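> I need the structure of the sequence given here:
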Amino acid sequence: MSFDRYVAICQPLHYAAIMKQQLCTRLVGAGWVIGFTLSSYHLVLLSKLTFCGPNKIQHFFCDNSPLFKLSCSDTTLLWKADSILISFVVLGSLCLILVSYMCIFHCILHMSSASGRKKAFATCSSHLTALAIVYGSCIVLYAQPTEEVSLETNRIVALLNTV
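Below is the predicted model:
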């Protein structure tokens, strides 16, 4: 989405030539392949857990923290691996988006008309709001998970992210 906004705002005359269906299909396909690959790795790690206590998760969905807390296995390695994997995905994609928006803001600030700047900022504002909510909650939930995070805090932030 941020790349689309970048092309639309910074290179509007080249938009149709750059954002062809083939590029859009490749971008979506790459996102799906990366997501499926990393999710598969994550599922393999979760399948190694053993459970011997209660089987009820006090959460809105089957998230990592509640599963790790229910497990009888040593989850130290899983916490670390999960933290690294999530940090790579969340912070890596956030960096790409931030670079794109820095280029967009640079183009907007160099626009000659005030109405053009206003329209460009209006175009980006809803996407930036959604990004702030999603990435903010993902960073709180996943980027530095520790065993001391309370499930109540985890539930509240997960609810914000889900909604």
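> Please count neighbours and contacts with C-alpha atoms only from this point.
Fine.
> where in this protein is pLDDT low?
Residues of the chain that meet the criterion pLDDT under 70 lie in 58-62, 143-149, 151.
> can you give me the strands in it?
Counting by DSSP state E, one finds no strands in the chain.
> Check the spacing between the residue nearest the centre of it and residue 117 real quick.
Residue closest to the mean C-alpha point of the chain, counted by Cα atoms, centre = their mean, is residue 90 at 4.7 Å. Distance, residue 90 to residue 117, using Cα to Cα, to the nearest Å: 29 Å.
> now swap in residue 13 and tell me
Look at residue 13 and residue 117: by Cα to Cα, they are 17 Å apart.
> And residue 47, by the same measure?
From residue 47 to residue 117 the distance is 51 Å (Cα to Cα).
> the more surrounded of those two?
Taking neighbours as other Cα atoms under 10 Å, residue 47 and residue 117 compare with residue 117 leading, 18 against 9.
> and the lengthiest helix in the chain, how far out from the chain's middle?
In the chain, with assignment by DSSP state H, the single longest helix is helix 76-109. Relative to its chain's centre, helix 76-109 lies at 8 Å (Cα atoms, centre = their mean, to the nearest Å).
> ok, now stretch 5-17?
Worked out by Cα atoms, centre = their mean, stretch 5-17 lies 24 Å from the chain centre.
> So which residues make contact with that stretch?
By Cα atoms under 8 Å, 6 or more residues apart in numbering, the surrounding residues in contact with stretch 5-17 are 18-19, 100-101, 103-104, 107-108, 120, 123-124.
> so where do the helices sit in the chain?
Under DSSP H, the chain gives helices at 2-10, 15-18, 21-47, 64-70, 76-109, 114-138, 151-162.
> okay, those in a markdown table with distance to residue 55 next?
Below are the helices of the chain laid out as a markdown table (distance: least, Cα to Cα, whole Å):
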| stretch | distance to residue 55 |
| --- | --- |
| helix 2-10 | 41 |
| helix 15-18 | 51 |
| helix 21-47 | 15 |
| helix 64-70 | 7 |
| helix 76-109 | 19 |
| helix 114-138 | 25 |
| helix 151-162 | 15 |
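> mind checking which of the ones you listed is nearest residue 56?
helix 64-70 (8.5 Å; Cα to Cα).
> buried set for the closest one?
Neighbour counts over helix 64-70 (16 or more other Cα atoms under 10 Å) mark 64-68, 70 as buried.
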